[in-house]
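Asks: need a structure here:
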Amino acid sequence: MPPHTFLSPYIDSYWKVTGSQYQLINQKILPDGCVDIILNVGEDIPDADGQFCLKNESAYLVGTMTKFKNSMLLPQTSLIGVRFKPAGFSFFYNFASLHEITNQTIEFEKSLSPRIEKCLDNPFSYLDHFFLAKIDTARHGLLGIIESIEVKNGRLSVPMLAEEHCTTTRQLERSFKRFIGISPKEFINIVRFKHAHSLLTSETTKRDLLSIALNCGYYDHAHLGNEIKKYTGSTPSEL
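Replies: Sure thing, here's the model as predicted:
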């Protein structure tokens, strides 16, 4: 569900996931450079490897991922989420550094998160109201830099990016780790991977690995295959 128009530069979408009454559903979540807030409005949910539990009526912050994660939907699963665009989270929250929670899911303070009980009826309307009241559009200037990366589908280097935006590679490193959670190089790699993945899984694209690799800025099809395996756990032929 898209957010209010005024929030769309910062929030990618609101989402809701419910389990199937008759079966367990395994999902693979891929890195995308985003941060999520998850609200558990259903029963407690253990993660796929039993290392973490999403407790009923609790909120969680999911840091930027650099690797895929397996997730399991149980029959009693009922989750509501907010997916922030890269660097969008910091326009609503003054978090010290998102690099501290990269590849982690942590319990989020209830005083800072949307109220669970308000999400039971018309949750997306409430979330719009909640985040419109919290937004601070004067936090930082990373959105234009991120747009440059996404427009080029990750086909540029960190020095090129710094030169284009009249900054330094060191400043980019600090800003990306604080406001996104990963280095600019890792973010560029994820954007490039997402483009390659979309081409590999498109029904309208011929699956010529070498052509896709070169089109996306990889050295060859082996380089492409290694990156796909890194971010999805699968080879290109298994997608």
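Asks: what's the residue nearest the centre of the chain sitting at in phi/psi?
Replies: In the chain, the residue lying closest to the centroid (C-alpha atoms, centre = their mean) is residue 34, at 2.3 Å. Recorded main-chain torsions at residue 34 are phi -100, psi 160, according to degrees, to the nearest 10.
Asks: pretty sure it is touching residue 86, no?
Replies: Yes: counting by C-beta atoms under 8 Å, residue 86 is a contact partner of residue 34 at 6.2 Å. To be clear about C-beta, it is placed using only N, CA and C from the backbone, and glycine gets the same treatment.
Asks: what sits in contact with each of these two?
Replies: Both residue 34 and residue 86 are contacted by residue 64, under the criterion C-beta atoms under 8 Å, 6 or more residues apart in numbering.
Asks: Quickly note the distance from the residue lying closest to the residue nearest to the centre of the chain once chain neighbours are set aside to residue 20.
Replies: Sequence neighbours aside, residue 83 is the residue nearest to residue 34 in space, at 5.3 Å (criterion: C-beta to C-beta, 6 or more residues apart in numbering). Separation of residue 83 from residue 20 (C-beta to C-beta, to the nearest Å): 22 Å.
Asks: neighbour count winner among the two?
Replies: residue 83 (19 against 11; other C-beta atoms under 10 Å).
Asks: Run through the bridge partners of the more buried one.
Replies: Beta bridges link residue 83 to residue 13, residue 36, judged by DSSP bridges.
Asks: Sheet-wise, list the partners of the helix or strand of the chain with the lowest mean pLDDT with their directions.
Replies: Using mean pLDDT, DSSP states H and E, strand 45-46 stands out as the lowest-scoring helix or strand of the chain, at a mean of 78. Sheet pairing here is set by DSSP bridges, and for strand 45-46 it gives strand 53-54 (antiparallel).
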